[in-house]
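Undergrad: Structure of the sequence below:
(chains A and B)
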Amino acid sequence: MTGEPGVASRQSPVAGCELRAASLEQDRAPGRASGTDWRLETGDWRLDLPSLGPGQVGVLAGEAGLGMTRLGLVMLSGHARAGSVAYLDVRGWLSPVAAWEVGIEPERLVIARCRDVVRWGKAVAALLDGAAAVLAEVPAGAKDVSIRKLAALARNRGTTLLLRPLDGTVPAGIAHLTLEAQEISWSGAGDGHGRIDRRTTLLTASGKTMRGMTRTIEMEDDGSNAVRVVSGVAVAETRSVAG
Amino acid sequence: MRRPGASQDEPGQAIGADGRVEAVNAAAFASGIRRGMRRGEAEGICPLVVTVERDYPAEMIAFESVVAAIEELIPNVEVVEPGLVFVPVGGAVGYYGGEGPLIERVVKEIDRVAGTGFRIGLAEGPFAAKHASAAAMGDPPVYLVEDDEAFLASLDIATAGREELVATFRWLGITTLGELARFPRSTVASRFGTAGLTAHRLASGRDRALNPRDLPVDLTVSERFSPPLDDLEQAAFVARSMAGRLIETLASFGAAPFRIVVEAEAADGTVRSRTWLSADPLDDRAIADRVRWQLRAWIDGVGAGIRGGLAALRIEPAHLSGTGRQLALGEDARAASEIHRAFAETQAIVGRDELLQAHPQGGREPGERVAWHRWGEEPVTRRDLEAPWPGRIPGPSPTLVPPEPQPFHIEWDGGMPTRVRLGSRWVTVRSWAGPWRRVGRWWRGEETGDQYQIVTSAGAFLCEIRGGKTWLTGIYD
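TA: Coordinates of the predicted model:
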C-alpha cells in the first residue's frame, strides 16, 4: 500500500524472513550504528526483522506512539496466512484499518476486548487454543505468574504469543525476542504541509533468538506491509526461515 | 414494521445482514424506498430515513405467537426466518375440506394474534410459495398458484440468486426465470456451475428436488444439563458447541443440513420443538443462531416458557444434501471445529459484545471505515467502500483510535502548534500537517472541524479542532 486508503492490501504480508548473517559482534551500547559494516545488503525490500516461530514468545516494549503496535501487527500478519490471528485489546483502541494495511485479511483477525486483569489471563489462554498467533496488550497489574503460565501455554500449543505491556514489564526469561523502541521519527509532514508518510524507528532486539546479544535496529515503515531494516542489524545466523 | 419507540411518521427502514432494505414503513415507502435496495441507495433517495438493523432475536419473540397459532392448525411448520414460514399443507387440506376452508382458518388465526401485515402464498414448492406470498394482495392477502412453473416463468431474474450471477444473466439477455428454465441443465451447469444449477432448479419449480442424503448413523446431537440451565447465554454457548460437533460430523460425510429440528426439554418434562428451514446449507454459526433465537422466543414469547430451566437440548439435522462446506486446502474439519470452540470459549469469558471482527466500509475517519460485528455474526457494512470519499486523510492510518475523541492539549503560537501535553509532560512539536477541513453532517447537527497530524519525539498523533476544542482522534503507534 502506498498511502492510498482503501481495503487491506492483498500483497503477501511479510513478517520475518530469512535472517542474513553479519559479523558476530559483542554487545554494544545501544545507539545508532554507523558505517557500511552494518548496512544490511538485501535486494529484497521486505521485512528483515527477526521474527518468531510457533510457540515462541515475543515482547514489544515502548510507550504508545513509538510504533510497537504497528510492528506487532506486521509480525502478526505473517501468521495470518496460516490461520486466524487474535489481538487482545485492553485499551479498546485498536484500529483494524492498520491491521488491514499491513496485510491481515479482515476474516482472519479476531479482536477481544478485556480490561479486567483476571479475565484477561483466561481470555489470552483461550485465544492461544485457537489462533495461529496472538498479540496481547498486557494490562497494568497482570501478575508475573499469569504471564509465565501463558508463555508456557503458548509453547505447549505451538501458538506464537506477542506481548505488548502497557505499563511495566513482563517477567524476565520468557521472551524469545524482545523488541524495545528507543526513538521514532516521522517524515513527510512539514510546517503545516505534506502528510506523514514514513517512519523510522530505532529499537533494540534482545532475547533467546538473539543468542544473548542485544542489537540495535533501525527500521523504516512506510505504512505498507513492508518494513525495511535500514541499518544496525547484526544478528546471529539462523538455521531456519522465520515467520 | 414495528419496533418499540419507532415513529411511523418518520421514514424508517430495517436493514438485513446483507446491507439491504428488508422492511420499510409507510413513510419510507412513500418516499420511494423499496425492499431489496442497498442501504446507500435508499438513503440517497431519502437522506432523513431512520435506519435500524434487524433484530432477529426480538423478531423471533414477536413471531413465535404467529408460528404457534399456525401450528395449532397445521403441524410441521418450518421457520425460515422471523416473518417467513413454510408449511406443508397436503394433509391439512384434506382434513379441513379444501384449500379455501384451510386458508380461511389460517387467516383468522394469524389475524387474531398479529393483526394485519401478513400475506400467504400457496404453491407446490416453497420457492414458488414464497414469491406467491410476496405477490399476494387483496383481503385476505392470499395468492393461490395453479401451476408453479407458469407462475415462476414470469418472475424477474433478480429472484434467481446472487447479484453477480443475476447481473451475468441479464448481460446475456436472460431477464425472467422462464427464460432461464428453458436452457438445458447441462448448458447452465457447464457455464455457471453449481450456483447456476441452483438458480435453474428454482426457476424450474424443482426446489424440492434436492439430492437428499440418507446416512447410516443417527446424527442428532444432544446434551442434558444437571442442574437445568436457567441462563440463555449459557444455553447459547452450549448450542454453539453442539452445532460445531454436528457440522463436523456431517462434514466427514460431505453433507450439510438444509433443515434442523430444535428440541428443548424443560425441567418439568415439557418438550418444545421447532423446525427451521434454509435455502442454503446451514453451517454451525447459522445453526447456533437459530437455536439461540428459538430458545429466546420460547422463554420471552408466548407459551409456557421453559419451566424450571433447560434440562436437555437436541438438534436433529434433516434434509441433508451433498453440499457441505468445502474446506480450504490444508484446513480440516476437526481443526476448524477446535478453532471455533476456542473462540467461543473466549467469547464466553469476555462477553458476547467484546469478541469482535471488523470489515472495511466506506468513510472518511478511521473509525467510520470500520464495520464492527460480533464474532460469529455476519458483517454488516453501512457505507459503500467503492464510493469516493473526498476529504479522507491518506494512509498510513493511526493504529490506535479512541472510541470517542479524547481531549488533547496543544499550545499554539501564531497558528502553529508548538507543544503537546502527554499525560503530565509537555512534548515539543517537531513537524505537523494540516489542516484538513472536515465538514460534518450539518443536517444532523454535526460541527465542522479541522484535522491535523502532529509529530513529536514521542510519536505522531491525529487530532481535530472542533467547536474551539482539540480532540485526539488517533495515535500512530
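
Undergrad: Give me the secondary structure label for B:Trp443.
TA: helix (DSSP: H, G, I helix; E, B strand; the rest coil).

Undergrad: Name the nearest residue to it, sequence neighbours excluded.
TA: Closest residue in space to B:Trp443, ignoring its immediate chain neighbours: B:Pro47 at 7.2 Å, by C-beta to C-beta, 6 or more residues apart in numbering or on different chains. Every residue, glycine included, has its C-beta placed from N, CA and C.

Undergrad: Next one: that neighbour from chain A, what distance?
TA: Shown here: B:Pro47 relative to chain A, a distance of 24 Å by C-beta to the nearest C-beta, to the nearest Å.

Undergrad: Can you report how many residues neighbour that residue?
TA: The tally of other residues near B:Pro47 (other C-beta atoms under 10 Å in any protein chain shown) stands at 12.

Undergrad: what does the stretch 251-400 of chain B have sitting close to chain A?
TA: B:338-343, B:345-346, B:349-350, B:354-360, B:366-367, B:369-370, B:375, B:379, B:385, B:389, B:392-400 (C-beta under 8 Å from any C-beta of the partner chain).

Undergrad: Please name the residues that touch the closest residue to chain B within chain A.
TA: Using C-beta to the nearest C-beta, the closest approach of chain A to chain B is made by A:Gly65 at 2.1 Å. For A:Gly65, the contact set (C-beta atoms under 8 Å, 6 or more residues apart in numbering or on different chains) comprises A:Ile184, B:Leu422, B:Thr456, B:Ala458, B:Gly459, B:Ala460, B:Phe461, B:Ile475, B:Tyr476, B:Asp477.

Undergrad: Show me what counts as buried in the host helix or strand of B:Gly196.
TA: Per DSSP states H and E, B:Gly196 falls inside helix B:185-203. Residues of helix B:185-203 classed as buried by neighbour count (16 or more other C-beta atoms under 10 Å in any protein chain shown): B:Val188, B:Phe192, B:Gly196, B:Thr198, B:Ala199, B:His200, B:Arg201, B:Leu202, B:Ala203.

Undergrad: Which helix or strand contains the residue nearest to the spatial centre of chain A?
TA: Centroid-nearest residue in chain A, with C-alpha atoms, centre = their mean: A:Gly72, separated by 3.1 Å. Assigned by DSSP H and E, A:Gly72 belongs to helix A:68-79.

Undergrad: If you count contacts, what does that helix end up packed against?
TA: For helix A:68-79, the packing partners by 3 or more C-beta pairs under 8 Å, 6 or more residues apart in numbering or on different chains; DSSP states H and E come out as strand A:57-61, strand A:85-89, helix A:96-101, strand A:133-138, strand A:160-165, strand A:177-189, strand A:215-221.

Undergrad: Please work out the angle formed by the directions of it and strand A:160-165.
TA: Between helix A:68-79 and strand A:160-165, the angle comes out at 170 degrees (axes from the mean of the first three to the mean of the last three C-alpha atoms, to 10 degrees).

Undergrad: what's the angle from helix A:68-79 to strand A:215-221?
TA: Helix A:68-79 runs at 80 degrees relative to strand A:215-221, counting by the same axes, to 10 degrees.

Undergrad: Okay, now the unreliable bits of chain A?
TA: Filtered on pLDDT under 70, chain A yields the residue ranges A:1-51, A:223-243.

Undergrad: what's next to the regular element (helix or strand) spanning B:Glu179, contact-wise?
TA: Using DSSP H and E, B:Glu179 sits in helix B:177-181. For helix B:177-181, the external contacting residues (C-beta under 8 Å, 6+ apart) are B:149, B:152-157, B:159-160, B:169, B:173-174, B:188, B:199-200, B:202-204.

Undergrad: which stretches of chain B aren't confidently modelled?
TA: Using pLDDT under 70, chain B drops low at B:1-8, B:194, B:207-217, B:254, B:302-304, B:319-337.

Undergrad: how's it carved up into domains?
TA: B:12-54, B:221-325, B:406-476 (automatic domain parsing).

Undergrad: can the top strand by length along chain B be found next to chain A?
TA: For chain B, the strand with the greatest residue count under DSSP state E is strand B:425-438. Yes - using C-beta under 8 Å from any C-beta, strand B:425-438 comes into contact with chain A via B:Arg430, B:Ser431, B:Trp432, B:Ala433, B:Gly434, B:Pro435.
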